[in-house]
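**Student:** Quick one, structure for this:
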Amino acid sequence: MRSKTIYKLLGSLVVLLAIVSNLKAQDHLIGPTLSYQFQKGSIIKTGAYFAFPFIGDHILRADATANFTWTQRKFAVIPEAAVTYYPQTYVLTPFVRAELTPYTFTPKVGVSLATLVDIDFGYGFSINEKKDYNPIKGFAVSLRFSIPLNYRINM
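**Tutor:** The predicted model follows:
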């Protein structure tokens, strides 16, 4: 049942990408991400993101990642979808983020350095249990690096 929610979210991200696909290179940013999160254990996340301007200087960002974790003496790979809202585009920018896996919904707040390096804090709410695991929930802290592949400096 929870996997249907993930598929709907991923489908919404695909529709969003299709709507904004005719944007120019500097109207959006795309690239890979690498992050570390601690939430009941260490998690290494890798994936891709798509960010675009939204209502003036505000930015919306969609991420699709794979979470690699070794918790409770077991290895797991957990898919994740996330949406981030940056209300402004200063060098140091606050943001809000929501992450969804088949097992956890995690709202977060944080601060970003030019949307390239993010640090955030949140709390994961268990929405489903992973077989042979204790519930994946609780406080979470993350450090994320984003590498825009289509960024240009106009001189």
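
**Student:** which stretches of the chain have low pLDDT?
**Tutor:** 1-26, 71-72, 89, 134, 151-155 (pLDDT under 70).

**Student:** Now with 90, please.
**Tutor:** By pLDDT under 90, the low-scoring segments of the chain are 1-29, 39-43, 51-59, 69-78, 87-91, 93, 103-104, 113-116, 126-138, 148-155.

**Student:** Tell me which stretches of it form strands.
**Tutor:** For the chain, the strands defined by DSSP state E cover 29-38, 42-53, 59-71, 74-86, 92-100, 104-113, 117-126, 138-146.

**Student:** Out of these, the one nearest residue 132 is which?
**Tutor:** If you check each of those against residue 132 by Cβ to Cβ, strand 74-86 wins as the nearest, at 6.9 Å. C-beta: built from backbone N, CA, C; applies to glycine.

**Student:** hmm, who's touching the closest one?
**Tutor:** Here strand 74-86 makes contact (Cβ atoms under 8 Å, 6 or more residues apart in numbering) with 6, 9-10, 13, 45, 47, 51, 54, 58-70, 93-103, 112, 115, 118, 130, 132-133, 136.

**Student:** which of the residues you listed are buried?
**Tutor:** 9, 13, 45, 47, 51, 59-65, 67, 69, 93, 95, 97, 99-103, 112, 115, 118, 130, 136 (16 or more other Cβ atoms under 10 Å).

**Student:** which residues sit in contact with residue 110?
**Tutor:** 94, 95, 97, 118, 119, 120, 121, 142.

**Student:** which one of those residues is nearest residue 31?
**Tutor:** Looking across the contacts of residue 110 and measuring by Cβ to Cβ, the closest to residue 31 is residue 118, at 13.4 Å.

**Student:** Bridging across strands, which residues link to the closest one?
**Tutor:** Taking DSSP bridges, one obtains residue 112, residue 144 as the residues bridged to residue 118.

**Student:** Quick check: residue 112 vs residue 96, distance?
**Tutor:** 11 Å (Cβ to Cβ, to the nearest Å).
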